[in-house]
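Colleague: from the sequence below, what's the structure:
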Amino acid sequence: TRVVNFAHGSFYMLGAYVGYSLMQVLPGMVGFWGAILLAGLIVGLIGVIVEICVLRPVYSAPELFQLVATFGVILVIQDLALMIWGPQDLLGPRAPGLKGVIRIMGEPVPQYDIALIIITPFVAIALWYLITKTRVGTLVLAATQDREMVGALGVNQAWLFTGVFFLGCALAGLGGALQLPKGGADLLMDFSIIGAVFVVVVIGGMGSLPGAYLAAVIISVLNVFGVTYAPQSTLVLMFVVMVIVLMFRPFGLLGKEEIAGEHGQTGEPERPIKPAGNRMRLLVMAGLFILALLPFYGGNFAVVLVTDIMIFCLFAASLHFMLGQGGLVSFGHAAFFGGGAYAAALFVTYADTPMELALVLAPICAGLAPSCTCALWLCHARGPRQCATSRGDGDQHQTHSMGRLYLCGHHGGARGRAVRLLQGQHLP
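Modeller: Below is the predicted model:
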């Protein structure tokens, strides 16, 4: 559908939770596998509701708007899961008839893992056949290239893409339910898998099912290698491989080169920024004058509140400068926000630097070196590949400093976690 669906991990999480609930009322082997299939169908129907209500109005909008819309879906689904199933982790039942292990070359391998290895190729082949050998797949590929032309030929392209979105969400829910015997269900599932999913799509190539399958195998083997020999660098290795692939294959291993503007939206070009007029300059000067007087006439609460507002405004302006003026879809911008805070704190704590000087040095240290590195990485990436690459930068920072923030699913819900993340707060 050419939709950058950042909420895909949430449908994966919903599949696990719905599958867990169904397994409690459907006993036996038939009930276990039936619960998995029903979970996929239910999540697919939920995806249809999301597609119609949230995504369909923004199909013609730039990819950034789709990212923002689907991120809102993440917050809603997180809070709903917290309200329905609670903050505790739920352990799924073991698969009936597949509770033992089989030794391969002397190593024990769970029977359920072997069953998953057998199931996966069949799902991949079925998807490949659907897309490449059926009329529905032909219509989907044609609509991906030119929706208006497909609609002019009498095809209801809106419901066509709704069906594709249903299939994608159903598969995500199926995957979440299938992993219940291995890892259970928890509120961190969506965030823990979405990064790897974006990396797989980017490495494999946009729109390439064989590429996605190949990339998934590569990343899985890489994770096993990292856990065994370099457990502290598993996340880094995944994004390093992605960057290397993008440097030599900007469109992924099996992806096809896209023509500039092929999938973009046409419209009136943005007007250049005009210098501020006299009235605007007077308003800005009056606002600065009022802010300068605030410490003398306002209370502590007013000063703290206005300071937080100004910090949010500065962060939003910096992100808009990068997105709107630079055209770079950076999903790791929060890493520089946290990097500036750390740089200022380190200068003040260990170098006895005055806070005024630290405020000058912190942006330089937090922005210069990382931004140069990111520029080298992103020069070969476009669109969703920029999102995945820049998300890797943010993940490296969050892994150490803010990753624990998501552990507090019972403190304010997903919306509370997002607010605390933006404020740069750290949990003990």
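
Colleague: show me where pLDDT drops low in the chain?
Modeller: Low-confidence regions of the chain, defined here as pLDDT under 70, cover residues 1-2, 234, 258-272, 326-327, 329-331, 369-428.

Colleague: rerun at 50
Modeller: Confidence mapping of the chain against pLDDT under 50 gives the ranges 260-267, 382, 386, 389, 393-428.

Colleague: and the strands in it, which stretches?
Modeller: Chain-ordered strands for the chain, with DSSP state E as the definition, fall at 101-104, 107-110.

Colleague: from the middle of its chain, how far away would stretch 32-45 be?
Modeller: Computed by C-alpha atoms, centre = their mean, to the nearest Å, the separation of stretch 32-45 from the middle of its chain amounts to 23 Å.

Colleague: right, and the strands of the chain - which one's nearest Gly324?
Modeller: strand 107-110 (50.2 Å; C-beta to C-beta). The C-beta positions use only the backbone N, C-alpha and C, and glycine is treated the same way.

Colleague: elements contacting the closest one?
Modeller: Applying 3 or more C-beta pairs under 8 Å, 6 or more residues apart in numbering; DSSP states H and E, we find strand 107-110 packed against strand 101-104.

Colleague: sheet-wise, list the partners of the strand it packs on with their directions.
Modeller: When pairs are called by DSSP bridges, strand 101-104 turns out to pair with strand 107-110 (antiparallel).

Colleague: can you dump the C-alpha atoms of the strand it pairs with in PDB for me?
Modeller: Coordinates of the C-alpha atoms in strand 107-110 are reproduced here as PDB (Å, rounded to 0.1, in the frame of the first residue of the first chain):
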ATOM      1  CA  GLU A 107      22.000 -29.400  20.300                       C
ATOM      2  CA  PRO A 108      18.400 -29.500  21.700                       C
ATOM      3  CA  VAL A 109      15.900 -27.700  19.400                       C
ATOM      4  CA  PRO A 110      12.300 -27.300  20.600                       C
END
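
Colleague: list the buried ones in that strand?
Modeller: Of the residues in strand 107-110, those buried under the neighbour-count criterion (16 or more other C-beta atoms under 10 Å) are Pro110.

Colleague: please state the offset of it from the chain centre?
Modeller: 33 Å.

Colleague: same deal with stretch 22-30?
Modeller: Worked out by C-alpha atoms, centre = their mean, stretch 22-30 lies 32 Å from the chain centre.

Colleague: hmm, back to that, of the strands of the chain, which is nearest Leu361?
Modeller: Nearest of the strands of the chain to Leu361, taken as C-beta to C-beta: strand 107-110 at 52.6 Å.

Colleague: give me the contact list for that closest one.
Modeller: Where contact means C-beta atoms under 8 Å, 6 or more residues apart in numbering, the residues beyond strand 107-110 that reach it are 98, 100-103.

Colleague: quick one, which of the residues you listed are buried?
Modeller: A residue is treated as buried here by neighbour count (16+ other C-beta under 10 Å); on that basis the buried members of these are Leu98.

Colleague: next, format the strands of the chain as a markdown table and append distance to Gly207.
Modeller: Rendered in a markdown table, the data for the strands of the chain read as follows (distance: least, C-beta to C-beta, whole Å):
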| stretch | distance to Gly207 |
| --- | --- |
| strand 101-104 | 35 |
| strand 107-110 | 33 |
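
Colleague: which among those is found nearest to Ile364?
Modeller: With distances scored as C-beta to C-beta, the stretch of those nearest to Ile364 is strand 107-110 (51.3 Å).

Colleague: so Gly226 sits against Val240, correct?
Modeller: No - applying C-beta atoms under 8 Å, one finds Gly226 not in contact with Val240, separated by 10.6 Å.

Colleague: tell me which of those two has more neighbours.
Modeller: Here Gly226 and Val240 are set side by side on neighbour count (other C-beta atoms under 10 Å), and the busier one is Gly226, at 17 against 14.

Colleague: how far away is that one from Met238?
Modeller: Applying C-beta to C-beta, to the nearest Å, the value for Gly226 to Met238 is 8 Å.

Colleague: which of the contacts of strand 107-110 lies closest to Gly183?
Modeller: Distance ranking of the contacts of strand 107-110 against Gly183, using C-beta to C-beta, places Leu98 first at 15.6 Å.
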